[in-house]
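Chemist: have a look at this prediction, sequence included:
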Amino acid sequence: MKKRIKALFQKNPGLKLKSKNIAKRLNIRDEHEYHKLKSFLHQLVAEDFLAKSGKRFYLNAAPTGKIIGNLMLVEGARYGFVTPQNFKMRDIFIPERFLHTAFDGDVVECILLEHKKGKNLEGQITKVVERKREEIVGTLHKSNSFFFVIADEEIIHRHIYISANKLKGAKDGDKVVVQNIRWEDPKQNPEGEITEVLGKSGTYDVEIAAIAREFGIEYRFPTKVLKEANKISEEIPKEELKKRIDLRKETIFTIDPEDAKDFDDAVSIKTLDNGNYYLGVHIADVSHYVQPGSQIFKEALKRGTSTYLVGKVIPMLPEKLSNNICSLVPNKDRLAYSVFVELTPRMKIVRAEIKKSVINSCRRFTYDEVQEIIENRKGEYFEEINTLNTI
């Protein structure tokens with residue numbers, strides 16, 4: 001029956017028929033046979049021979065030309081799948097022998113093979129349209145008279161050969177960045193040139209730098225950004241102080257992890273004469289220093305956030321700002337946005353307001369220090385900390 005269904009649509013490629021109409025054309029009247037027909041129709045849809053619109057089935061004319069799509073390699077690059085960009089069809093299975101010179105993630109051009117394998121269309125890559133990676137990070141090795149790089153990403157399934165005049169001073173065992181990668185013959189390995197030597201593979205700083213490069217994270221700031229940051233004075237102009245409420249004599253402190261390097265928020269608490277609480281949350285005013293259109297702003301926009309790795313932070317802003325001027329370190333005047341909330345003892349919000357301020361943190365607490373003060377019911381600023389804990 002399956003062959004009869006396929007023959008019907010192949011002879012009439014423009015037909016769009018409901019299952020009952022197909023049954024009539026194939027002279028199927030028995031109820032049991034009709035259920036088999038419907039089962040075969042759904043199988044042919046799953047195999048991409050037929051397509052379905054509503055209740056109507058029609059021939060899914062697979063493209064006979066070249067298909068552009070994204071390659072995803074699996075099983076250590078033993079095979080892959082191309083997701084077509086220009087046709088509404090299922091992923092195309094690409095066996096290892098037909099991967100051509102493509103890496104995982106590349107945009108490729110492929111053609112369909114005449115036969116199918118299982119339920120998947122099977123194809124062959126004929127051309128790499130666009131590389132996903134402009135650079136590859138890996139470790140340089142030497143074997144006899146030639147050099148090659150093994151990529152950190154395991155999905156990069158071929159070693160990259162490096163000519164002796166393209167080493168840029170790199171030595172065997174160095175972690176390097178390879179660019180200008182050329183790979184035209186699948187029977188040979190790709191070739192490239194080393195554009196940056198990160199250092200000795202296996203050392204902490206080098207591995208952190210390699211991870212950052214692998215995921216496209218900028219771990220160094222451009223010179224123009226650093227120059228702009230160095231011009232920013234830590235001293236707050238008197239004109240700016242006049243525009244803000246002065247909280248430098250208030251009891252304000254930060255609470256952060258022990259290994260924190262930048263302190264971007266601080267807290268304060270008072271009990272008002274009416275018995276209500278007056279909570280203050282003071283957030284570093286980064287926007288005062290990072291102006292739209294500046295080099296620092298453009299770099300921050302590109303980074304989007306600070307990146308936290310094991311034992312290392314790649315900051316969004318240069319360290320002069322992130323760890324100093326925009327950090328609410330103790331005993332230093334700092335610009336902030338202060339959020340004030342008046343709360344009743346039953347925690348009902350009475351009023352809230354936001355004001356530009358200047359603060360001077362009187363203490364940098366760690367979480368462990370605050371926990372010890374709460375448990376022992378004594379220590380620096382116990383009353384404030386205990387009230388905050390109650391809230």
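Modeler: All right, it came through fine. Numbers count the residues shown, from 1 in each chain.

Chemist: quick one, strands of the stretch 101-250 of the chain?
Modeler: Taking DSSP state E, counting those that start in this stretch as the test, the strands found in the stretch 101-250 of the chain are 107-117, 120-130, 135-143, 146-151, 160-162, 174-182, 191-200, 245-246.

Chemist: take the ones you listed and lay them out in JSON lines including mean pLDDT, distance to G275 and mean neighbour count.
Modeler: Bear in mind the C-beta positions are built from the backbone N, C-alpha and C, glycine included. Output for the strands of the stretch 101-250 of the chain, formatted as JSON lines (pLDDT from 0 to 100; distance: least, Cβ to Cβ, whole Å; neighbours: other Cβ atoms under 10 Å):
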{"stretch": "strand 107-117", "mean pLDDT": "77", "distance to G275": "67", "mean neighbour count": "16"}
{"stretch": "strand 120-130", "mean pLDDT": "89", "distance to G275": "67", "mean neighbour count": "17"}
{"stretch": "strand 135-143", "mean pLDDT": "94", "distance to G275": "61", "mean neighbour count": "19"}
{"stretch": "strand 146-151", "mean pLDDT": "95", "distance to G275": "65", "mean neighbour count": "19"}
{"stretch": "strand 160-162", "mean pLDDT": "96", "distance to G275": "71", "mean neighbour count": "21"}
{"stretch": "strand 174-182", "mean pLDDT": "95", "distance to G275": "62", "mean neighbour count": "19"}
{"stretch": "strand 191-200", "mean pLDDT": "94", "distance to G275": "61", "mean neighbour count": "18"}
{"stretch": "strand 245-246", "mean pLDDT": "97", "distance to G275": "24", "mean neighbour count": "13"}
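
Chemist: now render these as TSV, adding distance to P318.
Modeler: Output for the strands of the stretch 101-250 of the chain, formatted as TSV (distance: least, Cβ to Cβ, whole Å):
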stretch	distance to P318
strand 107-117	36
strand 120-130	34
strand 135-143	24
strand 146-151	31
strand 160-162	34
strand 174-182	23
strand 191-200	21
strand 245-246	28
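
Chemist: nearest to G54, out of these?
Modeler: Proximity to G54 (Cβ to Cβ) singles out strand 120-130 among these, at 23.9 Å.

Chemist: and that closest one, what does it pack against?
Modeler: Judged by 3 or more Cβ pairs under 8 Å, 6 or more residues apart in numbering; DSSP states H and E, strand 120-130 is in contact with strand 67-74, strand 79-84, strand 92-95, strand 107-117.

Chemist: taking strand 120-130 as reference, get the angle to the first one.
Modeler: What that stands for is strand 67-74. Going by axes from the mean of the first three to the mean of the last three Cα atoms, to 10 degrees, strand 67-74 is angled at 100 degrees with respect to strand 120-130.

Chemist: please apply the same query to the second one.
Modeler: Computed with the same axes, to 10 degrees, the direction of strand 79-84 lies at 80 degrees from that of strand 120-130.

Chemist: mind listing what's buried in strand 79-84?
Modeler: Neighbour-count burial for strand 79-84, with 16 or more other Cβ atoms under 10 Å as criterion, is recorded at 80-82, 84.

Chemist: between these, which is closest to G173?
Modeler: Among the buried residues of strand 79-84, and counting by Cβ to Cβ, the member closest to G173 is G80, at 31.2 Å.

Chemist: how near is that closest one to S53?
Modeler: Distance of G80 to S53, given as Cβ to Cβ, to the nearest Å: 30 Å.

Chemist: name the nearest residue to I373, ignoring sequence neighbours.
Modeler: For I373, ignoring the flanking residues on the chain, the nearest one in space by Cβ to Cβ, 6 or more residues apart in numbering is G379 at 3.7 Å.

Chemist: and the one you found, what is it in contact with?
Modeler: Shown in contact with G379 (Cβ atoms under 8 Å, 6 or more residues apart in numbering): 369, 372-373, 385.

Chemist: quick check: E191 touching R182?
Modeler: Yes - when contacts are counted by Cβ atoms under 8 Å, E191 is listed as touching R182 (5.2 Å).
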